[in-house]
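1. My questions concern the predicted model and sequence given below.
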Amino acid sequence: MAFLRLAVPSVSEVTTSPLLGLTAGLAAVIVFRHAARLPARSARPWRALGLAGVLLAVGQAIATVTWTGPERGNWGTSR
């Protein structure tokens, strides 16, 4: 993502949210698979970390669907 942001900034504005969402979802799946192999007490923190990954992926999915571009808001300006 960093290379994409430096090489083609206009494309990275559109692809950052979906790529981050896919990466977070994949990481959550891996963490949940790892937690399934552990004893119940040891798996609890790993499940919490996996849940955080799922929430991040859902947030990025929402950002991907509702994104309309930087012209929508006045970021960095104070009135």
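-> Perfect, I can see it now.

2. now the lowest-mean-pLDDT helix or strand in the chain, how far from the centre of its chain.
-> Within the chain, no helix or strand scores below helix 2-7, which has a mean of 78 by mean pLDDT, DSSP states H and E. Offset of helix 2-7 from its chain centre (C-alpha atoms, centre = their mean, to the nearest Å): 17 Å.

3. Quick check: what element follows it along the chain?
-> For helix 2-7, the following helix or strand on the C-terminal side (DSSP states H and E) is helix 9-36.

4. Please state the mean pLDDT value computed over the next helix or strand after that following helix.
-> On the C-terminal side of helix 9-36, the nearest following helix or strand under DSSP H and E is helix 40-66. Here helix 40-66 scores 92 as its mean pLDDT.

5. Which elements pack onto helix 40-66?
-> Counting contacts by 3 or more C-beta pairs under 8 Å, 6 or more residues apart in numbering; DSSP states H and E, helix 40-66 is packed against helix 9-36. In short, each C-beta sits where N, CA and C put it, glycine included.

6. Give the buried residues for the helix it packs on.
-> Using 16 or more other C-beta atoms under 10 Å as the burial criterion, the residues of helix 9-36 that qualify are 12, 16-17, 20-21, 24-25, 27-28, 31-32, 35.

7. So which of these is the closest to residue 52?
-> residue 28 (7.9 Å; C-beta to C-beta).

8. Report the spatially closest residue to residue 20, excluding sequence-adjacent ones.
-> Computed as C-beta to C-beta, 6 or more residues apart in numbering, the closest residue to residue 20 that is not its neighbour in sequence is residue 60, at 5.0 Å.

9. Equivalent analysis for residue 58, please.
-> That would be residue 21: by C-beta to C-beta, 6+ apart, it lies 8.0 Å from residue 58.

10. same check, this time on residue 64
-> In space, residue 64 is closest to residue 17, 4.4 Å off (C-beta to C-beta, 6+ apart).

11. ok, so what distance separates the one you found from residue 60?
-> 5 Å (C-beta to C-beta, to the nearest Å).

12. Equivalent analysis for residue 54, please.
-> 11 Å.
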